[in-house]
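1. dropping the sequence and predicted coords here.
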Amino acid sequence: MSSTHGAVFVDRDGTLNVDVDYLSSPGALEVFPQVPEAVFRLNRSGLKVILVTNQSGIARGLLSFEDLDAIHQKLQADLTRSHAWLDDVLCCPHHPADGCRCRKPGPGMIEQATSRHAIDVSTSYVVGDQSHDVELANRVGAKGILVMTGPRSRESLAVCQTKRVVIDCVAPDFADAVSWILRDWTNSSPAGPR
């Protein structure tokens with residue numbers, strides 16, 4: 001039996017919650033209504049659910065690591081009410097000009113998660129509302145899903161088409177993305193759902 005797991009690497013702003021520029025306090029976090037149940041469906045499937053989020057607001061001085069931790073504690077609390085959870089939370093706090101490896105579409109956060117959780121990226125998914133989320137999926141060999149709930153989703157779809165970035169699924173929202181993932185996981189993964 002394999003000791004590796006499939007995972008869903010999920011973006012935060014515009015994917016799990018309403019995207020407000022540089023979310024800096026838990027009180028401003030508004031999780032989309034369908035998200036907790038959708039995360040719970042992933043949890044039940046045996047797929048790991050790992051948040052991967054660019055948070056350059058830290059480098060810009062717009063929020064602190066403590067603020068970010070408080071936001072993620074609130075997100076976890078909102079999910080817990082539906083018996084859902086995130087298996088890990090990873091963030092890139094760097095400025096886009098820093099050229100760091102962890103900022104999406106760089107693979108650093110995926111590499112970190114893979115090391116921590118024995119993840120098989122080839123049976124994993126990246127879900128987000130921006131082109132860099134899908135580009136990340138292409139770079140690491142996961143399947144990429146673009147959700148249309150972010151303020152730049154339509155623009156991101158056009159960018160992906162122009163740059164010939166492979167999108168495995170375009171979903172209206174995260175719940176639809178999860179439905180697609182679970183169908184695909186059942187059909188293509190040797191491990192299948194548990």
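-> Yes, it's here.
2. for the chain, which strand is longest?
-> strand 48-54 (DSSP state E).
3. how about low-confidence regions in this structure?
-> 1-3, 189-194 (pLDDT under 70).
4. how about the strands of it, start to end?
-> Counting by DSSP E, the strands of the chain are 7-10, 48-54, 88-92, 125-128, 143-147, 169-171.
5. highest average neighbour count across those strands?
-> strand 125-128 (a mean of 30; mean count of other C-beta atoms under 10 Å). C-beta: built from backbone N, CA, C; applies to glycine.
6. neighbouring contacts of that one?
-> For strand 125-128, contacts defined as C-beta atoms under 8 Å, 6 or more residues apart in numbering pick out 6-11, 14-15, 47, 52, 104, 110, 133-134, 136-137, 140, 142-147, 150, 168, 171, 174, 177, 181, 184.
7. also stretch 23-40?
-> Applying C-beta under 8 Å, 6+ apart, the set of residues contacting stretch 23-40 is 13, 16-18, 20, 49, 57, 62-63, 67, 70-71, 73-75, 78-79, 81-86, 149, 173-175, 177-178.
8. in helices, which of those appear?
-> Counting by DSSP state H, the part of the contacts of stretch 23-40 found in helices is D67, A70, I71, Q73, K74, L75, D78, L79, F174, A175, A177, V178.
9. out of the residues you listed, which end up buried?
-> With neighbours counted by 16 or more other C-beta atoms under 10 Å, these contain buried members at D67, A70, I71, K74, L75, D78, L79, F174, A175, A177, V178.
10. pull the contacting residues for the first one.
-> It stands for D67. Listed by C-beta under 8 Å, 6+ apart, the contact partners of D67 are S24, S25.
11. mind checking how far it is from D13?
-> 14 Å (C-beta to C-beta, to the nearest Å).
12. the fourth one now?
-> Remark: distance between K74 and D13 (C-beta to C-beta) = 14 Å.
13. do the same with the third one
-> Remark: distance between I71 and D13 (C-beta to C-beta) = 10 Å.
14. what does T80 give?
-> For T80 relative to D13 (C-beta to C-beta), the value is 20 Å.
15. who has more neighbours out of the two?
-> The neighbour count for T80 versus D13, taken as other C-beta atoms under 10 Å, is higher for D13 (21 against 12).
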